[in-house]
Structure formats: structure tokens, C-alpha cells
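>>> pasting the sequence and the predicted model now:
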Amino acid sequence: MPSGGRNRVSLVGILVCGLSLSVGQAAAASFDCNKAASLLEQAICADPELSRLDERMAADYRSVLTALPPKAQALVRTTQRKWLATIRRTCTGPLAVVAHCVSNAYGSTPVVDRVDRKGPYTMRWLHADYWATTEPYIGVPLIIAPNGPSVTQWNEMVAGEAANTVSDNEYEYVTLFELGMVRNGFIGLRVFHEQHGLGGSGWDIAAVGTNRFLDPWRDLQADDVFDPAQDWAAALLPKVKELATQLPVADEALLEAIRDPSNWLVRDDGISVTYGNSLNRGSAEVLLPWSVLRPYLAKRPAIPVPQ
């Protein structure tokens with residue numbers, strides 16, 4: 001946008017002036033290009049294309065906020081603060097260099113990675129890291145339609161998990177999400193908790209299955225899927241041992257992993273089971289197709305098992 005004297009509503013203005021305010025107040029924030037002080041503000045005001053990207057992102061930001069409950073709104077604000085701080089720290093040098101750096105960052109659209117239709121739900125993947133990416137596990141799967149109490153609970157839950165993406169002097173902690181089966185009233189979800197030593201010690205990963213019935217709100221239980229009259233876990237152990245080649249684990253630990261739904265991700269093609277699950281050792285997974293699971297399923301599973 002040209003640097004004429006009029007005020008302009010932008011992401012920078014919103015973040016600088018209004019993130020601690022309500023949605024309505026934040027959306028009314030602006031800055032005067034004639035008073036642009038930082039190189040970031042000057043770069044945006046001097047470049048019409050960069051200004052357009054900034055305005056588009058500001059519109060995305062306001063749209064995301066108005067569609068979310070308070071905890072998720074707080075996550076959006078925190079995420080965008082971090083993102084802007086990273087731009088200011090990274091995009092330095094002459095004005096032309098700053099403009100190029102900011103253009104690359106804005107072009108990656110850090111507010112929202114994508115909008116997907118999953119079963120009956122329209123899901124908006126909110127970016128929850130410093131830079132946007134199209135990697136499947138980066139982002140927070142928020143439901144923007146339809147609305148309702150259970151959808152609000154879902155958004156509060158995933159926003160709360162994502163709020164754990166923090167760092168201190170020794171470690172960076174990152175929360176990632178993987179969606180599985182999505183049907184009316186049921187969502188399969190796996191949450192990855194990653195810990196990265198800032199001294200170069202690498203990543204430790206723990207994965208937790210959060211397969212959830214939305215109405216009524218409850219976790220998936222083993223009896224929702226498997227016949228309680230059968231020792232289905234023991235029957236599945238040989239197949240799991242055959243597939244579990246990534247990480248050596250004793251039979252008892254494998255049995256415990258199979259039995260515990262917090263190690264599952266319910267998917268359209270089967271159930272993925274994580275094992276060896278700890279921040280010290282990381283985790284691995286095996287996929288048990290529905291064709292393998294079918295002999296051990298409950299007569300009327302509580303989830304829609306593909307035929």
C-alpha cells in the first residue's frame with residue numbers, strides 16, 4: 001500500500017496495539033504510515049504488494065478470532081506475537097532486504113495453514129509455530145463449523161494442548177496433532193509432545209491418542225471397539241510383534257500398549273498403535289488394518305468400522 005497519510009488496519013497494527021484487547025477492539029487497531037518507525041512498518045508501508053499481503057493476513061486474523069472460543073483466541077494472539085517477534089528478529093538489514101524477508105514470511109500465511117472438510121466438520125488448521133508450513137502435523141485442528149457446545153469443547157481442548165508449545169533456557173517444547181477417522185460425533189486424534197534440547201541433543205517424542213466422542217463428550221474405551229469376551233490383545237500380539245521393528249520392546253510392554261486406547265489413533269484404514277512411548281526413548285507405531293482387527297471387534301462397535 002502506498003505510504004499516503006491515511007491510517008491503515010494491518011496485522012502489525014493489530015498485534016502491536018490490540019492483542020490484549022477483545023476481538024472487537026483488536027480489529028479496530030491501526031497505525032499511520034506517516035509515523036512508521038520500525039523497518040518492518042516502513043517496509044510494509046513502502047511496498048503495495050507487501051501491504052496487500054499484510055491486509056489479507058489481518059483479515060484472516062480477525063476472521064479466525066471471531067470464529068473461536070476464548071482459549072483458542074488466546075492461542076491465536078500468542079502465536080501471532082511469537083511470529084511477529086521472529087520476523088523482527090530475523091528480518092534485519094537494509095530496507096530492501098527487510099521487505100524481501102517480510103514478503104516471504106507473509107506469503108507463507110502463518111495465521112491459517114489450510115481449511116479442510118473432514119466428515120461433517122469444517123476444520124481450520126491454525127498455525128501454532130513461528131513460521132507457517134504445509135507439513136501435515138503442524139497446526140491446530142480447530143472446528144469452525146458447525147457450532148455447538150461439543151465443538152467448543154473440542155476447540156478448547158486442542159487449544160489447551162497447543163498452549164504447551166513453549167521454550168525455556170534448555171528445551172523447546174512443541175505440540176503437534178495428527179487427525180485420524182472423523183465422523184459425526186467422533187474424531188480420532190493423536191497428540192505429539194516433542195521436547196528438543198537447545199544444546200543440540202535432538203528430539204524426544206511422546207504420542208498420546210485422544211480419540212474422542214463429542215456428544216456425549218468422552219474418551220474412546222477399548223470396549224467401544226473390541227469384544228470384551230475375547231482376549232483380543234493377546235490374539236493381536238503376534239501381528240504387532242511382526243510389525244514392531246522400529247523399536248525393541250518386551251512382550252509385556254507391547255501388550256500394555258495394545259490394550260490402552262491412549263496409545264491408539266483410530267483411522268479409516270485401521271488402528272495405529274504407538275509403543276515404547278516416553279520422552280526419553282521416543283515412540284514408534286504399527287498400523288493394524290481393520291481386516292486384521294475384524295475377528296476381535298465388538299458385535300456393535302461404537303465407532304463406524306469400515307466394511
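Yep, it's here.

>>> which element is His100 on?
Using DSSP states H and E, His100 sits within helix 95-107.

>>> no wait, Ile144
strand 140-145.

>>> and the next helix or strand past that strand?
Counting by DSSP H and E, what follows strand 140-145 is helix 149-162.

>>> output the strand holding Ile144 as PDB, nothing but the C-alphas.
What follows is strand 140-145 as a C-alpha-only set of coordinates in PDB (Å, rounded to 0.1, in the frame of the first residue of the first chain):
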ATOM      1  CA  VAL A 140      -4.000 -27.000  15.500                       C
ATOM      2  CA  PRO A 141      -7.200 -28.600  14.100                       C
ATOM      3  CA  LEU A 142      -9.900 -26.200  15.100                       C
ATOM      4  CA  ILE A 143     -13.600 -26.800  14.100                       C
ATOM      5  CA  ILE A 144     -15.200 -23.700  12.600                       C
ATOM      6  CA  ALA A 145     -18.500 -25.300  11.500                       C
END
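
>>> buried residues in it?
140-144 (16 or more other C-beta atoms under 10 Å). For every residue, glycine as well, the C-beta is placed using N, CA and C.

>>> likewise for stretch 46-60?
46-47, 50-51, 53-55, 57-58, 60.

>>> may I ask which helix or strand of this protein has the lowest mean pLDDT?
Scoring the helices and strands of the chain by mean pLDDT, DSSP states H and E places helix 23-27 at the bottom, with a mean of 30.

>>> tell me the spacing between Gly119 and Glu256.
Gly119 sits at a distance of 31 Å from Glu256 (criterion: C-beta to C-beta, to the nearest Å).

>>> and for Ala284?
Note on Ala284: its distance to Glu256, by C-beta to C-beta, is 15 Å.

>>> Asp268 too?
On the measure of C-beta to C-beta, Asp268 and Glu256 end up 26 Å apart.

>>> just Thr78 next, same as before
36 Å.

>>> for Val249, same thing?
Distance, Val249 to Glu256, using C-beta to C-beta: 10 Å.

>>> okay, the two: which has more neighbours?
Val249 (20 against 15; other C-beta atoms under 10 Å).

>>> so what does Leu65 look like in phi/psi?
Per-residue torsions, Leu65: phi -60, psi -50 (degrees, to the nearest 10).

>>> between the longest helix belonging to the chain and helix 95-107, how many degrees?
Longest among the helix segments of the chain by residue count, using DSSP state H, is helix 70-90. In terms of direction (axes from the mean of the first three to the mean of the last three C-alpha atoms, to 10 degrees), helix 70-90 departs from helix 95-107 by 150 degrees.

>>> so the nearest residue to Gln246 once chain neighbours are set aside, which state does it fall into?
Closest residue to Gln246 apart from its sequence neighbours, by C-beta to C-beta, 6 or more residues apart in numbering: Ala284 at 3.7 Å. Look at Ala284: counting by DSSP: H, G, I helix; E, B strand; the rest coil, its state is strand.

>>> pLDDT wise, what is Ala284 at?
On pLDDT, Ala284 comes in at 84.

>>> just the one 4 residues further on next, same as before
The predicted local distance difference test score for Leu288 is 97.

>>> what residues go with each domain of this protein?
The chain breaks down by automatic domain parsing into domains covering 7-163, 164-307.

>>> averaging pLDDT over each of those domains, which comes out lowest?
Among those, domain 7-163 scores lowest, at a mean of 69.

>>> give me the sheet partners of the strand holding Ile144 and which way each runs.
Strand pairing for strand 140-145, using DSSP bridges, gives strand 121-126 (antiparallel).

>>> buried set for the strand it pairs with?
121, 123-126.

>>> any chance of TSV for those, columns distance to Cys101?
Shown next, in TSV, are the buried residues of strand 121-126 (distance: C-beta to C-beta, whole Å):
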residue	distance to Cys101
Tyr121	36
Met123	31
Arg124	27
Trp125	24
Leu126	23
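
>>> could I get the full set of strands for the stretch 151-300 of the chain?
Using DSSP state E, counting those that start in this stretch, the strands of the stretch 151-300 of the chain run over 166-167, 171-183, 186-197, 202-209, 212-214, 217-219, 264-267, 270-278, 282-289.

>>> format the ones you listed as JSON lines; extra columns: distance to Ser103 and mean neighbour count.
Supplementary listing: the strands of the stretch 151-300 of the chain in JSON lines, determined by distance: least, C-beta to C-beta, whole Å; neighbours: other C-beta atoms under 10 Å:
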{"stretch": "strand 166-167", "distance to Ser103": "27", "mean neighbour count": "12"}
{"stretch": "strand 171-183", "distance to Ser103": "26", "mean neighbour count": "19"}
{"stretch": "strand 186-197", "distance to Ser103": "29", "mean neighbour count": "20"}
{"stretch": "strand 202-209", "distance to Ser103": "31", "mean neighbour count": "17"}
{"stretch": "strand 212-214", "distance to Ser103": "40", "mean neighbour count": "19"}
{"stretch": "strand 217-219", "distance to Ser103": "43", "mean neighbour count": "12"}
{"stretch": "strand 264-267", "distance to Ser103": "38", "mean neighbour count": "24"}
{"stretch": "strand 270-278", "distance to Ser103": "39", "mean neighbour count": "21"}
{"stretch": "strand 282-289", "distance to Ser103": "37", "mean neighbour count": "18"}
